[in-house]
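**Student:** Next one to model:
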Amino acid sequence: MSFKAAFSSRLRSLFASRGVVFRAVCFVLSGALAFFALSLANSAVRSFYAGVARDHFVQPFHKVIKARSETKQRALAERDAAKKDAVRNAARQAGSLASPYVEVGEDMFFPLLVRVWLNVDPSHTARVANNDERFPLVYERAVSAEGFVPVVGLTFGDNSFDIDIRDANGEKVAQHSLTALIEDTDDIQGGIEVRKKAARNDFVSAAIAWGGGLSALQDSGKTRYYGVIDDFGDVRWLHQRKGISSPWVVFGVLFDRRIFLTYGAHRLFATDIFGNKEVVFDGKKASHNRGDYYIHHDYTFTDKGTMLMLANPISKKREWLSYDNTIVEVDSNSGKMIREIDVKESLGDIFDVAAGPKIEDYALISDWKKDWMHLNSIAYDAASKTIVLSGRNQSAVFALDYETGALVWMFADPEGLTKQQQARFLEVPEGYVFHKGQHDAQLDGNRLRFFDNAVLVKRKDGSYTDPETTPSRIVEATLDLANKKITEVKTYAPKSIFAKITSGIDVRNGKYLVCYCGIMKDAFGGYVTDSRNDKGPVVEVELFEFGNDGSELLHVSIRKGLGFRPRYFDWKEMVEAK
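**Tutor:** Okay, here's the model as predicted:
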C-alpha cells in the first residue's frame, strides 16, 4: 500500500472512532489553518506585487499603453488643429482693404479681442470707434505686421464699430462699418448680476480677478478670469485660463500701460490691452539650490527697474518649503532673479513662528505651523524706500527697508509681546480696534490704507465675536514715522460687508472701489454676506463703488468664486499704449 493510501486510511479511521465534538474542532482548526495559509499567500502576493511586479512590470506596461494612447490622441488633435488652422488662415488671407475679415473668438486667452484682417502694409493706421453710446471708445492703432487691426472695448453680444484706414501719407483709403457677435460661451456675462448701475460712465472701469469658488485653493481645474468691468456691469476686456495649475493665476497688476498676470504657478507674463504678451519671469528658470519658485498672491514694481513678488520656494521633490513668507526681487527686463528676502529673518523673534498664526481661521489654514504669517499683499514706497507688506495670519501690516530687508515699522496688536519686541511697533490712538486678517495694504505718502476683513475675533474668555455684528471695513491710518506713532485712524464702512479673505480696495478722485469674496464659511458653520443667510454654500464676488459720502455708486455680483484686488482701469491710457 502506498504512503498516500495508508495515510488516508489511518485518517478516516481516526475520525470514525472519535465523537462529533472532536470532528467539529478539527474542522474549525483546519479552516483556520487554511485561512492562515491563504492569508500568508495573499500577503506574499501583495508583497511581490508592491516590491517587484508593480514597479518592474505593471507600471511600465501602463506607461507604454498610456503613452501610445496619448500619442494617438495628440496626433488626432494636431490633425484637427491643422484643419482648423488651414480654414482660419484661408479666411484671414481673404481679408482685404476692400473687404476686411472680422475674426471673433479665436484667441482663447482673450475672448473679447476681435481682429479685423486687412492684409495691407503695416505703415497703414486704423482709427477704431465703437458705436456704443454707453461706452464710447475711440483710438488709433497701426496695422500689425501680420495684417490685422485689434479691436478692444467690446462686450458679449452684438457689437458694431467703425474703422477708417489711412496710408503712410495720412490719406484715407477705406472706411467700414462692421459688426461682431461675441458669444458668452462660458456664461461669463450671464454670471454677473448688476444690482446697481452707475448713474453715468466716467470711462474709468474696474479691473478685478475672479473664479475658482470655495474649492479654489485645492481645485486646479477651474477657469479663472481677470476682467475689466465698466460702470454698467458689462465685461469689456477679459483674460481667461482654463484648467490651470495655480488658483492665483488671475492676479493682475497694472503698470506702465501693461497688465501683468501670473501664468500657472511659475510664470508671470505682461500683456497690453491688445493681447501682445511676453513672459517676464519664470520661477523654474530662476531656480535656487533647493528647487524653484511658485509665484503667489502679489507683485509690485520699484523705481530701480525691478519687480518684487511674493513667492513660495519649492523643493526639487515639489514640496513647499514655506508658505507665503518669501520675497523675490527680479530684473524687470531680463527676468533674472536678483535676491531673496526671508521675512522670518527680517522680523526676528517678534512673532513665535512655532506657535503658528494668531487669527482663528480654521477654514483656510492648511498647515498651522508653516503658514504662520501668510503674506497676501506687497507694495513699494519710493519716498521712504520701504516694502509694505500685509501678513494675514498675524494680522500685521509692516514695512521692511528696501536695501537691507530689516523691519522699519509694524502696525499690529502688540498684546502678548515683550517691551523689547514692541519697540518697533507704531503707537496707535486710544480706542482703535485692531484689524484681523487684513488685505491689500497700500502706502500713499504718510497715509496707509488697507481692507480689514475683520475675520472671527476670539475674546479673552474663549468665545467669538458674532460675525453678523463684526463687519469688514476700510482702514486709513496717518503715519508719523519720525515719532513712531499713528496720529489718526479712520475706519470706513459704508455698507455692512462681511468678508472672510481676499478682498481689496482702490481709491481715485474721492471714490472707493471695493471687492470682497461675498460668502465664506465661518467657524459657526454658517455662510456670511451682508448678514446671516439661509442660501447655503453660494459663492459670489461682490464689487462696489462708493463715494466718499458713503453713497453706493455701483454694485455688481459675480457668481464665479473668489474675488481679488480691484483696481481702477483707465481705458484712455491703455489704448494709447504703443
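
**Student:** Pull the contacting residues for L543.
**Tutor:** By CB atoms under 8 Å, 6 or more residues apart in numbering, the contact list for L543 reads 206, 208, 229, 513-515, 554-558, 563, 566. Every C-beta, even on glycine, is put in place using the N, C-alpha and C of the backbone.

**Student:** I'd like the distance between it and I259.
**Tutor:** 18 Å (CB to CB, to the nearest Å).

**Student:** that older thread, quick one: which of the contacts of L543 is most hemmed in?
**Tutor:** C515 (30 neighbours; other CB atoms under 10 Å).

**Student:** next one: the host helix or strand of that one to chain centre, how far?
**Tutor:** Using DSSP states H and E, C515 sits in strand 511-517. Distance of strand 511-517 from its chain centroid, counting by CA atoms, centre = their mean, to the nearest Å, is 17 Å.

**Student:** do the same with stretch 540-556
**Tutor:** On CA atoms, centre = their mean, the centre of stretch 540-556 falls 23 Å from that of its chain.

**Student:** Kindly report the domain assignment for this structure.
**Tutor:** The chain breaks down by automatic domain parsing into domains covering 19-82, 101-182, 189-575.

**Student:** Buried residues, the helix or strand containing A90. List them.
**Tutor:** Per DSSP H and E, A90 falls inside helix 59-94. Neighbour-count burial for helix 59-94 flags R92 (criterion: 16 or more other CB atoms under 10 Å).

**Student:** which is the next helix or strand following it?
**Tutor:** Moving toward the C-terminus from helix 59-94, the next element (DSSP H and E) is strand 101-104.

**Student:** continuing past that next one, what's the next helix or strand?
**Tutor:** Following strand 101-104 toward the C-terminus (DSSP H and E): strand 114-117.

**Student:** Was I right to think V228 contacts F569?
**Tutor:** Yes - using CB atoms under 8 Å, V228 makes contact with F569 at a distance of 4.9 Å.

**Student:** Next, show the common contact partners of these two.
**Tutor:** Contacts common to V228 and F569, judged by CB under 8 Å, 6+ apart, are S205, A206, A207, W237.

**Student:** Between these, which sits nearest R46?
**Tutor:** A207 (56.0 Å; CB to CB).

**Student:** Helix, strand, or coil at the nearest residue to N393 once chain neighbours are set aside?
**Tutor:** Take N393 and drop its neighbours on the chain: the residue closest to it by CB to CB, 6 or more residues apart in numbering is P357, 3.4 Å away. Assigned with DSSP: H, G, I helix; E, B strand; the rest coil, P357 falls in the coil class.

**Student:** ok, P357 - how many residues close by?
**Tutor:** Neighbours of P357 using other CB under 10 Å come to 21.

**Student:** If you average pLDDT per helix and strand, which one of the chain comes out bottom?
**Tutor:** One helix or strand of the chain scores below all others by mean pLDDT, DSSP states H and E: strand 527-528, with a mean of 42.

**Student:** Quick one: work out the angle between the helix or strand just after that one and strand 511-517.
**Tutor:** Next in sequence after strand 527-528, counting helices and strands by DSSP H and E, comes strand 541-547. With axes from the mean of the first three to the mean of the last three CA atoms, to 10 degrees applied, the angle from strand 541-547 to strand 511-517 works out at 160 degrees.

**Student:** immediately after strand 541-547, which helix or strand?
**Tutor:** strand 552-558.

**Student:** Counting by contacts, list what that next one packs against.
**Tutor:** Secondary-structure packing of strand 552-558 (3 or more CB pairs under 8 Å, 6 or more residues apart in numbering; DSSP states H and E): strand 192-196, strand 204-210, strand 541-547.

**Student:** Comparing the ones you listed, which comes out most buried?
**Tutor:** Mean neighbours per residue, mean count of other CB atoms under 10 Å, is largest over those for strand 204-210, with a mean of 25.

**Student:** which residue packs closest to L238, ignoring adjacent ones?
**Tutor:** G227 is the one closest to L238 (CB to CB, 6+ apart), at 4.5 Å.

**Student:** for F255, same thing?
**Tutor:** F255 sits nearest to F301 (CB to CB, 6+ apart), 5.2 Å away.

**Student:** Identify the bridge partners of that neighbour.
**Tutor:** M307 (DSSP bridges).

**Student:** and it, what does it touch?
**Tutor:** V253, F255, D256, M307, L308, S332, Y380.

**Student:** In PyMOL, how would I select just the buried ones from the residues you listed?
**Tutor:** Here is the PyMOL command that selects the buried residues among those (16+ other CB under 10 Å):
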select buried, resi 253+307+308+332+380
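
**Student:** rewinding a little: you'd agree the residue nearest to L238 is up against S205?
**Tutor:** No - the criterion here is CB under 8 Å, and G227 misses it with S205 at 9.6 Å.

**Student:** Name the residues contacting each of those two.
**Tutor:** R236.

**Student:** And the pLDDT for the residue nearest to L238?
**Tutor:** On pLDDT, G227 comes in at 90.

**Student:** That one: what's it in contact with?
**Tutor:** Neighbours of G227 in contact, by CB under 8 Å, 6+ apart: I188, A207, I208, A209, W210, V235, R236, W237, L238, H239.

**Student:** Can I get the helix or strand containing it in PDB, CA atoms only?
**Tutor:** Secondary structure from DSSP H and E places G227 in strand 224-229. Output of strand 224-229 as PDB, limited to C-alpha atoms (Å, rounded to 0.1, in the frame of the first residue of the first chain):
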ATOM      1  CA  ARG A 224     -10.100  81.900 -13.700                       C
ATOM      2  CA  TYR A 225     -10.600  85.300 -15.100                       C
ATOM      3  CA  TYR A 226      -9.100  88.700 -15.000                       C
ATOM      4  CA  GLY A 227     -11.600  91.100 -16.400                       C
ATOM      5  CA  VAL A 228     -12.400  94.800 -16.800                       C
ATOM      6  CA  ILE A 229     -16.000  95.700 -16.000                       C
END
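
**Student:** Could you tell me how far that strand lies from the centre of the chain?
**Tutor:** On CA atoms, centre = their mean, the centre of strand 224-229 falls 11 Å from that of its chain.

**Student:** quick check: angle from the next helix-or-strand element following it to strand 224-229?
**Tutor:** Tracing the chain past strand 224-229, the next element assigned as helix or strand by DSSP H and E is strand 235-241. Angle, strand 235-241 to strand 224-229, by the same axes, to 10 degrees: 170 degrees.

**Student:** Contacts for strand 235-241, please.
**Tutor:** So strand 235-241 is contacted by 108-112, 135, 152-156, 186, 188-189, 192, 205, 223-230, 249-250, 252, 259, 261, 263, 271, 273, 569, 571 (CB under 8 Å, 6+ apart).
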